[in-house]
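# Can you look at this prediction? I've put the sequence above it.
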Amino acid sequence: MNAPQPLVRWPDPGTSRIPYWAYTDPSLYQQELERLFYGPHWNYIGLAIEIPKTGDYQLRWVGERQVIMVRDRVAPRDRDTDHGIRVVENRCAHRGVRFCQPPMDGHTGNARSFVCPYHQWTYKLNGDLAGLPFKDGVKAAGPEGECVHGGMPTDFDLSKNGLTKLRVAVLHGLVFASFSEEAEPLEDYLGSEVMPWLDRIFAGRELRLLGTNRQRIPGNWKLMMENIKDPYHPGLLHTWFVTFGLWRADQKSRMVMDRHGRHAVMLSRRNDGGANKAVTEGVTSFKADMKLGDPRLLDVVPEPWWTIDDPSNPGTPITPTVTMITLFPGLIVQQQVNSLSTRHIVPRGPGEFDFVWTHFGFADDTEEMTTRRLRQANLFGPAGFVSADDGEVIEFSQDGFRQWGEGGATLVELGGKDDDVGKPPTEHMVTETLIRSMYAYWRRAMGV
Ligand code: FES
Ligand code: FE2
């Protein structure tokens, strides 16, 4: 990556204060699109199982650019080396039209090729330009016999006028893409600290798609990343977590970050909930006598894959019940007991983002387990018993930043003022270390 020119001056050398303008400045946001989403990073696109058959496609986003994730034809001899998944920009090479429209039912589309409606330029599934009308002009009878009118210049080269092709990398069925030639290989990008936690959920497993929901949240996109790097709030904001012991300060937890500070894993082990003076006294979201009308919502059944050899203490097993993985810039992978989902953050200007949830299980799940995962998914999504709270506080955060304007800053000092990048994981949750570390990376990548 070329060293970016400084954009603006940060008021303090560290990241224990985040200026409000980092969430509200429109020109800074444009730079984020260029340097982060279109720069040398890997962006989550979707799950390979969302396009099971040749020609299946889904419209997705990298920053504010719409892309097509499509399954291309692959010759039998190449099937071991080519996953067949292509990601191309949904923008015609002729006059820039966003030519591919969402399938009418909103589900997966299927195409033999892509044809732009405007002048019918036709593209192969891999984005190559296959042909265009009147490339060689039109033959007509003239005064001196037959002649050719118009057409493309003789040096027009089909192979140089295809769609923009993104680099694609598929890890355990998760599809990522990058506009940049400079992004390092995906596994290096994700890093050895985070990989064991992705392997734990995905390695060697076939996924089963359970459903999606989406919402638009009126806050800056980074606030959602921060929310899932913030272990302080869940046991305070969320009645469900503190009351039923899904996430609270008296649990055994760990905060892992990659060597750059940009990705993270918050992991923790559920306890029995109920009152514990140290963490519930005075906490207004703790409702001692709250009972579930339908206890099946928390019918938690431990699964063998939850236990792995502890990457920090090899030879010792570790069994978290929740792992919240944030992959910069826009993906969250979540396991909360039996519920699993990806959450994709799609920026929509400095003050808004789309949040797309994809709930999944495994192909070999029993029907009973599938129903259980779906029931527990009620905690998440736009109206989730837990996640609705997060959407709302993110909106309130953006409102607060906007009303003050220049000169204000958030305070991120829980657990110290350092960004802790390069240090061993923190073995508790009373810390904002992962937020500080993300901004240490963000400042470097943005030149702020
Ligand atoms: Fe797409 Fe002309 S703009 S074919
Ligand atoms: Fe939350």
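Yes, it's here. Ligands and ions are numbered 1, 2, ... in the order given.
# May I see the buried residues of stretch 385-403?
With burial defined by 16 or more other CB atoms under 10 Å, the residues of stretch 385-403 counted as buried are 385-387, 389-391, 394-395, 397-398, 401. Where you see a C-beta, it was placed from the backbone N, CA and C, and this is true even at glycine.
# Can you sort out which of the residues you listed also neighbour ligand 2?
Restricting the buried residues of stretch 385-403 to those near ligand 2 by CB under 5 Å from the ion leaves residue 390.
# now, which of the buried residues of stretch 385-403 sits nearest ligand 2?
residue 390 (4.1 Å; CB to the ion).
# Next, that closest one: phi, psi?
Dihedral angles of residue 390 (phi, psi; degrees, to the nearest 10) stand at phi -70, psi -40.
# How about it: what's its closest non-neighbour residue?
Using CB to CB, 6 or more residues apart in numbering and skipping residues adjacent in sequence, the residue nearest residue 390 is residue 227, 5.3 Å away.
# Name the residues of the stretch 301-448 of the chain found near ligand 2, please.
residue 390.
# can you tell me which residues contact the residue lying closest to residue 404 once chain neighbours are set aside?
Leaving out its chain neighbours, the residue that sits closest to residue 404 by CB to CB, 6+ apart is residue 20, at 6.2 Å. With contact set as CB atoms under 8 Å, 6 or more residues apart in numbering, residue 20 has these partners: 401, 404-410.
# between these, which has the most around it?
Comparing the contacts of residue 20 by number of neighbours (other CB atoms under 10 Å), residue 401 comes first, having 23 neighbours.
# mind listing the strands for the stretch 151-300 of the chain?
167-171, 174-178, 207-217, 253-257, 264-268 (DSSP state E, counting those that start in this stretch).
# Please list all residues in contact with the residue nearest to residue 217 when sequence neighbours are not counted.
Nearest residue to residue 217, sequence neighbours excluded (CB to CB, 6+ apart): residue 391, at 5.0 Å. Applying CB under 8 Å, 6+ apart, one finds that residue 391 lies in contact with 215, 217, 355, 382.
# thought the second one was touching residue 356?
No - with contacts defined as CB atoms under 8 Å, residue 217 does not count as touching residue 356, sitting 11.1 Å away.
# Out of these two, name the residue with the larger neighbour count.
Under the neighbour definition other CB under 10 Å, residue 217 and residue 356 were set side by side, and residue 217 has more, 22 against 19.
# What does the pLDDT read for that one?
pLDDT, residue 217: 98.
# Mind exporting the C-alpha coordinates of stretch 139-154 to PDB?
Extracted as PDB, the C-alpha positions of stretch 139-154 are listed here (Å, rounded to 0.1, in the frame of the first residue of the first chain):
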ATOM      1  CA  LYS A 139     -23.600  -3.000 -44.700                       C
ATOM      2  CA  ALA A 140     -25.600  -0.800 -47.000                       C
ATOM      3  CA  ALA A 141     -25.800  -0.200 -50.700                       C
ATOM      4  CA  GLY A 142     -24.100   3.100 -51.700                       C
ATOM      5  CA  PRO A 143     -23.600   4.800 -55.000                       C
ATOM      6  CA  GLU A 144     -20.400   2.900 -55.600                       C
ATOM      7  CA  GLY A 145     -21.800  -0.500 -54.500                       C
ATOM      8  CA  GLU A 146     -22.000  -2.000 -51.100                       C
ATOM      9  CA  CYS A 147     -20.300  -0.200 -48.200                       C
ATOM     10  CA  VAL A 148     -20.100  -0.400 -44.400                       C
ATOM     11  CA  HIS A 149     -21.500   2.300 -42.200                       C
ATOM     12  CA  GLY A 150     -20.100   2.900 -38.700                       C
ATOM     13  CA  GLY A 151     -19.100   0.200 -36.300                       C
ATOM     14  CA  MET A 152     -16.300   0.100 -33.800                       C
ATOM     15  CA  PRO A 153     -12.800   1.200 -34.800                       C
ATOM     16  CA  THR A 154     -10.700  -1.800 -36.100                       C
END
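# The stretch 201-350 of the chain against ligand 1: which residues are in contact?
The stretch 201-350 of the chain comes close to ligand 1 at no residue, as judged by CB under 6 Å from any ligand atom.
# How about the stretch 201-350 of the chain: which residue is closest to ligand 2?
For the stretch 201-350 of the chain, CB to the ion, closest residue to ligand 2: residue 234, 4.9 Å.
# so residue 118 is in which element?
Using DSSP states H and E, residue 118 falls within no helix or strand.
# Not counting its neighbours along the chain, what's nearest it?
Closest residue to residue 118 apart from its sequence neighbours, by CB to CB, 6+ apart: residue 97 at 5.1 Å.
# Enumerate every residue touching that neighbour.
So residue 97 contacts 91, 116-118 (CB under 8 Å, 6+ apart).
# any idea what sits nearest the most centrally placed residue in the chain, other than its immediate chain neighbours?
In the chain, the centroid-proximal residue (CA atoms, centre = their mean) is residue 331; its distance is 1.9 Å. Among residues not flanking residue 331 along the chain, residue 44 sits closest, at 3.7 Å (CB to CB, 6+ apart).
# pretty sure the residue of the stretch 201-350 of the chain closest to ligand 2 contacts residue 245?
No - with contact defined as CB under 8 Å, residue 234 does not count as touching residue 245 (11.3 Å).
# These two: who's more crowded?
residue 234 (26 against 21).
# Between the two ends of stretch 398-415, what distance do you get?
For stretch 398-415, the first-to-last residue distance is 24 Å (CA to CA, to the nearest Å).
# now what about that stretch, what contacts it?
11-12, 15-21, 23-24, 218-220, 223, 232, 351, 426, 430-433, 435-436, 439.
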